[in-house]
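1. generate coordinates for the sequence data below:
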Amino acid sequence: MKAGAARGQAGFTLIEVLIVTAVIGILCAIVLVSLLAAFEKSKQRATMADMRTVSKAIETYQIDLGHYPANGVTIAQLRLILIPYQVNVVPLQDHWQHDYSYASDGQNNYTIESYGKDGVDGLNISAATKWQFDRDIVLSNGFFVASPEL
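-> The predicted structure follows:
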């Protein structure tokens, strides 16, 4: 057997190694994008669950006192007001670490809002924009009026 023939079958060529590396890199990029979207979706769902918790405490407050907490209170002040009416601790921030927003007419209507990933009051989220995590989630009078489920 010739020395050249044995040497040609000894391993992978540089081109083969580069192709395999490129394919692995592309697969990792696809998985990473999907994973990051899943993390953001889980933050969105957890934020919505927390907003429901706050809403239930506000509804209980309204049943006992006949009106909703006044407008202009911060979420931290609202948390203190709702202590006797809550089952769970009222969260101060959404899962992107931004404070919730609370507004009320003091009588018949209230709104809790999460400003989304960017923390800036902007466009509301809908089913068509459910993957745009910067959009706002709005719960009004116990129902979501802007959520990824609508």
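
2. the chain: strands as residue ranges?
-> Here the chain has its strands, by DSSP state E, at 101-104, 110-114, 137-140, 143-146.

3. deepest of the ones you listed, which one?
-> strand 110-114 (a mean of 23; mean count of other C-beta atoms under 10 Å). C-beta here means a position set from N, CA and C on the backbone, and glycine is covered the same way.

4. can you give me how far that strand is from the chain middle?
-> Mean-position distance between strand 110-114 and its chain equals 15 Å (C-alpha atoms, centre = their mean, to the nearest Å).

5. can you check stretch 18-25 too?
-> 33 Å.

6. could I get the strands of the chain as CSV with distance to I63?
-> Formatted as CSV, the strands of the chain follow (distance: least, C-beta to C-beta, whole Å):
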stretch, distance to I63
strand 101-104, 15
strand 110-114, 13
strand 137-140, 18
strand 143-146, 17
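
7. would you reformat the ones you listed as JSON lines and include mean pLDDT?
-> What follows is the strands of the chain, written out as JSON lines (pLDDT from 0 to 100):
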{"stretch": "strand 101-104", "mean pLDDT": "94"}
{"stretch": "strand 110-114", "mean pLDDT": "95"}
{"stretch": "strand 137-140", "mean pLDDT": "95"}
{"stretch": "strand 143-146", "mean pLDDT": "93"}
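
8. just give the nearest non-adjacent residue to Q86, would you?
-> A57 (4.2 Å; C-beta to C-beta, 6 or more residues apart in numbering).

9. wait, Q107
-> That would be H67: by C-beta to C-beta, 6+ apart, it lies 5.4 Å from Q107.

10. what is the burial count for the one you found?
-> 14 (other C-beta atoms under 10 Å).

11. what's the answer for D105, then?
-> Other residues close to D105 by other C-beta under 10 Å number 12.

12. related to what we said a few turns ago, does the residue nearest to Q86 touch V89 like I think?
-> No. Between A57 and V89 there is no contact under C-beta atoms under 8 Å: 9.8 Å.

13. mind giving me the packing neighbours of the longest helix seen in the chain?
-> In the chain, with assignment by DSSP state H, the single longest helix is helix 14-65. Here helix 14-65 touches helix 75-81, strand 110-114, strand 137-140, going by 3 or more C-beta pairs under 8 Å, 6 or more residues apart in numbering; DSSP states H and E.
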